[in-house]
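*Asks:* give me a model of this one.
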Amino acid sequence: MQRTSVSIALTGSGGAGVMTAGQMLLDAAAEAGYYGLMGRTLGPQIRGGESAALLRVATRPVQGLDDGHDVLLAFDWGNIERFSAELPLIPGGIVIADPRNGAVPEVMRRDHHRIVEVPMQDLAKAIPGGRVNMVGLGLIAELIGLDHHYLLDRLAKQLAKKGEEALAASKAGLDAGAEAAAGITGLEPLAPPHPRETERWSITGNDAAGLGAIQGGARFCAAYPITPATDILEWLAPNLPRVGGALVQCEDELASINMIIGSSFGGVPSVTATSGPGLALMMESLGLAVASETPIVVINVQRGGPSTGIPTKSEQVDLNIAVNGLHGDAPHVVTAPLSIGDCLFATQWSVHLAEAMQTAVIVLSDQSIGQSRAIIDKPAEIAFIGKRLVPETIEAPYRRYAITADGVSPMALPGQEGGAHTADGLEHNEFGNPSTQIDHHQSQLDKRLRKVVGYDYGDHWAMIEGDEDASIAVVTWGSAAEPCREAVQRARAQGFKVRLIAARLIHPIPLDKMGKALEGISQVVVVEQNHGGQYYRHLRAHLDLPGKVTAFHRPGPFSLRPREILQHILGQ
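*Replies:* Presented below is the predicted three-dimensional model:
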């Protein structure tokens with residue numbers, strides 16, 4: 001019987017070629033017409049730490065990992081005890097190991113795994129210039145039924161500059177691995193892929209976020225490198241200049257956010273990218289952007305915390321600080337992409353929102369979708385381009401912070417005749433003049449709140465799928481959306497009436513839209529990946545959820561899986 005999805009874990013210490021092999025397998029699968037994704041789990045060490053490539057290849061679109069891996073291939077057992085819990089195999093799954101690396105550790109001998117020994121090091125040494133990861137790559141490709149023709153194409157492109165000897169050695173390694181796979185049974189090959197109907201992309205969430213920022217109109221980025229957000233900067237650095245923009249690597253996060261506030265004040269839509277510790281440093285200046293009504297976007301790629309926490313691994317832990325971290329009453333917007341591919345749309349939309357409302361928008365991505373790569377259908381082009389309200393002519397005296405029905409006031413650009421005004425963090429009157437008067441403070445607070453709670457966010461606030469007559473609703477956000485989506489599909493296949501509500505707009509909660517989405521629901525399950533149930537508590541603070549309400553939340557770094565969510569939905 002042929003299967004429609006297969007999950008593979010490749011593991012080994014840093015330098016073993018794990019990520020290279022995983023990336024080549026994903027690329028070759030894409031060339032063959034399959035969908036797939038590759039996540040990664042790494043130790044925080046710069047060199048020599050543990051690493052694993054977590055792959056899923058399928059005949060249908062997939063942007064989340066499955067319950068467990070069908071096969072785990074270990075190039076070595078370096079530090080496996082540190083992250084074995086992140087490498088679950090399905091019961092009866094296959095563990096492939098080299099006997100030269102010693103016995104399979106006890107932490108990997110569970111759930112009746114089948115252990116298969118393959119002398120990968122000996123096979124590689126028998127080939128001049130041979131590498132163990134190429135042997136392993138050929139072995140896995142043969143097991144899942146992936147034609148080596150596609151691997152050879154990838155090799156030819158990747159090794160073009162290294163000469164024929166390097167290519168011949170890698171090809172011989174693939175062949176040796178394929179021969180070694182001949183005696184391994186128990187893993188059904190993948191079914192042939194469906195014909196391609198649309199163009200497909202191979203993209204990471206961080207790269208998609210960078211592209212989304214540009215498509216939204218951002219032309220300046222200032223940022224300080226931080227794991228796991230640095231990839232966004234690396235993508236933007238060569239691509240912003242192609243559209244007339246620029247990137248500056250700053251000395252710290254304080255400089256970064258103040259630079260983008262200055263750039264935006266000058267009329268250029270601007271973004272920065274950071275992670276939790278950097279976001280904490282930016283809070284005071286985020287308040288300045290809100291008070292001065294200067295549009296900016298902060299892309300926060302979350303990682304485990306608190307403090308330095310677990311820099312290389314994922315958790316949805318920054319919702320509280322993103323929503324409540326600014327001091328004073330500082331209305332702003334918080335969004336979250338729902339998948340690797342959705343990082344493009346969510347970021348583009350966020351630039352649009354910031355410009356339209358003249359406020360700060362925080363985008364909550366995370367390591368699991370930011371640094372994972374997926375094969376996706378080319379996203380539809382969305383005409384969301386940031387456009388702020390700029391006066392064509394100005395009649396003196398200029399009221400930069402004029403009280404308007406929607407809370408948005410025309411924002412003059414520097415040098416515009418008659419548009420000079422004060423823009424700082426002090427409370428002010430309509431002209432921007434500092435003021436401590438009660439009526440000025442009240443009217444400006446109302447104005448800033450009105451524009452974010454009264455804005456029409458349309459249908460983009462959430463992804464809603466499932467049964468119209470559902471009695472159960474799974475409410476989630478961000479990277480938890482894809483495993484929830486698969487869990488809901490499984491529940492519906494078993495005859496349960498279930499609806500998925502995956503929020504892209506975290507704050508402010510669109511109360512009327514959320515209420516409508518929950519109509520007819522008698523059981524609500526709120527799912528997220530953090531220790532304290534941050535989104536659950538955020539929802540409960542702002543609205544009454546209907547019927548029986550339960551929360552399923554746990555910390556990382558082990559990513560949420562469909563089976564555990566399904567079990568919670570069904571009360572098992």
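
*Asks:* nearest the middle, which residue of this structure would you pick?
*Replies:* Residue closest to the mean C-alpha point of the chain, counted by C-alpha atoms, centre = their mean, is residue 369 at 2.7 Å.

*Asks:* part of a strand, is that one?
*Replies:* No. Judged by DSSP: H, G, I helix; E, B strand; the rest coil, residue 369 forms no part of a strand; its state is helix.

*Asks:* for it, what are its contacts?
*Replies:* 63, 205, 337, 339-340, 343, 478-479 (C-beta atoms under 8 Å, 6 or more residues apart in numbering). To be clear about C-beta, it is placed using only N, CA and C from the backbone, and glycine gets the same treatment.

*Asks:* gap between the residue lying closest to residue 490 once chain neighbours are set aside and residue 54?
*Replies:* Leaving aside its sequence neighbours, residue 490 sits nearest to residue 566 (C-beta to C-beta, 6 or more residues apart in numbering; 5.3 Å). Separation of residue 566 from residue 54 (C-beta to C-beta, to the nearest Å): 20 Å.

*Asks:* which one of the contacts of residue 369 has the most neighbours?
*Replies:* residue 479 (35 neighbours; other C-beta atoms under 10 Å).

*Asks:* surely that one touches residue 364?
*Replies:* No. Assessed by C-beta atoms under 8 Å, residue 479 is found out of contact with residue 364, at 9.2 Å.

*Asks:* surely residue 158 meets residue 21?
*Replies:* No. Residue 158 is beyond contact range of residue 21, at 11.5 Å (criterion: C-beta under 8 Å).

*Asks:* pick out the lowest-pLDDT one from the contacts of residue 369.
*Replies:* Within the contacts of residue 369, residue 63 has the lowest pLDDT, namely 93.

*Asks:* quick one: that one from residue 246, how far?
*Replies:* For residue 63, the distance to residue 246 - C-beta to C-beta - is 32 Å.

*Asks:* do residue 468 as well
*Replies:* Separation of residue 468 from residue 246 (C-beta to C-beta): 48 Å.

*Asks:* the two: which is more packed in?
*Replies:* A count of neighbours by other C-beta under 10 Å puts residue 246 above the other of residue 468 and residue 246, at 14 against 8.

*Asks:* who's the more buried one bridged to?
*Replies:* Beta-bridge partners recorded for residue 246 (DSSP bridges): residue 220.

*Asks:* let me know the pLDDT of the closest residue in space to residue 521 that isn't next to it in sequence.
*Replies:* Residue nearest to residue 521 in three dimensions, not counting chain neighbours: residue 473, with 4.4 Å by C-beta to C-beta, 6+ apart. For residue 473, the pLDDT comes out at 98.

*Asks:* what about residue 473, how many neighbours?
*Replies:* 28.

*Asks:* name the SS class of it, please.
*Replies:* Relying on three-state DSSP, one would call residue 473 strand.

*Asks:* next one: residue 376
*Replies:* For residue 376, the assignment made with three-state DSSP gives strand.

*Asks:* hang on, it packs against residue 30?
*Replies:* No. Counting by C-beta under 8 Å, residue 30 is not a contact partner of residue 376; they are 9.9 Å apart.

*Asks:* find the residues that touch each one of the two.
*Replies:* residue 200.

*Asks:* tell me the spacing between residue 480 and residue 369.
*Replies:* 10 Å.

*Asks:* scratch that, residue 270 is what I was asking about
*Replies:* The spacing between residue 270 and residue 369, counted by C-beta to C-beta, is 23 Å.

*Asks:* circling back: please say which of residue 158 and residue 21 ends up with more neighbours.
*Replies:* residue 21 (26 against 16).

*Asks:* got the phi/psi numbers for that one?
*Replies:* Main-chain dihedrals, residue 21, degrees, to the nearest 10: phi -60, psi -40.

*Asks:* wait, it touches residue 137, no?
*Replies:* Yes. Counting by C-beta under 8 Å, residue 137 is a contact partner of residue 21 at 4.5 Å.

*Asks:* tell me where the model's unsure across this structure.
*Replies:* 1, 45-48, 111-112, 572 (pLDDT under 70).

*Asks:* so residue 365 lies in a strand, does it not?
*Replies:* Yes. The assignment for residue 365 (three-state DSSP) places it in a strand.

*Asks:* helix, strand or coil for the spatially closest residue to it that is not a sequence neighbour?
*Replies:* Leaving aside its sequence neighbours, residue 365 sits nearest to residue 301 (C-beta to C-beta, 6+ apart; 4.8 Å). Secondary structure for residue 301, judged by three-state DSSP, is strand.

*Asks:* now residue 301: how far from residue 204?
*Replies:* Distance, residue 301 to residue 204, by C-beta to C-beta: 11 Å.

*Asks:* ok, residue 175 next?
*Replies:* 31 Å.

*Asks:* can you check residue 455 too?
*Replies:* Taking C-beta to C-beta, one finds residue 455 at 30 Å from residue 204.

*Asks:* before we move on, what about residue 293?
*Replies:* With C-beta to C-beta as the criterion, residue 293 and residue 204 are 33 Å apart.

*Asks:* same question, residue 217
*Replies:* 22 Å.

*Asks:* contacts for the helix or strand harbouring residue 287?
*Replies:* Element membership for residue 287 (DSSP states H and E) is helix 283-291. Contact partners of helix 283-291, identified using C-beta under 8 Å, 6+ apart, comprise 254, 257-258, 261, 264, 294-296, 298, 321, 325-328, 330-332, 359-360, 362, 424-427, 448.

*Asks:* hmm, back to that, higher neighbour count, residue 175 and residue 204?
*Replies:* Neighbour count, other C-beta under 10 Å: between residue 175 and residue 204, residue 204 has more, with 21 against 17.

*Asks:* how about the more buried one: what's its closest non-neighbour residue?
*Replies:* Closest to residue 204 by C-beta to C-beta, 6+ apart is residue 373, at 4.7 Å.

*Asks:* show me which helix runs longest in this protein.
*Replies:* As assigned by DSSP state H, the longest helix anywhere in the chain is helix 164-181.

*Asks:* can I get it in CSV, CA atoms only?
*Replies:* The C-alpha coordinates for helix 164-181 follow below in CSV (Å, rounded to 0.1, in the frame of the first residue of the first chain):
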residue,chain,number,x,y,z
GLU,A,164,33.3,16.3,-11.2
GLU,A,165,35.1,14.3,-8.5
ALA,A,166,32.9,15.8,-5.8
LEU,A,167,29.8,15.0,-7.8
ALA,A,168,30.9,11.5,-8.5
ALA,A,169,31.7,10.8,-4.9
SER,A,170,28.3,12.1,-3.8
LYS,A,171,26.5,10.0,-6.5
ALA,A,172,28.4,6.9,-5.4
GLY,A,173,27.3,7.7,-1.8
LEU,A,174,23.7,7.9,-2.9
ASP,A,175,24.0,4.6,-4.8
ALA,A,176,25.6,2.9,-1.8
GLY,A,177,22.8,4.1,0.5
ALA,A,178,20.1,2.9,-2.0
GLU,A,179,21.7,-0.6,-2.1
ALA,A,180,21.7,-0.7,1.7
ALA,A,181,18.0,0.1,1.8
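
*Asks:* what does that helix contact?
*Replies:* Against helix 164-181 from outside (C-beta under 8 Å, 6+ apart): 118, 120, 123-124, 126-132, 134-143, 148, 151-152, 155-156, 159.
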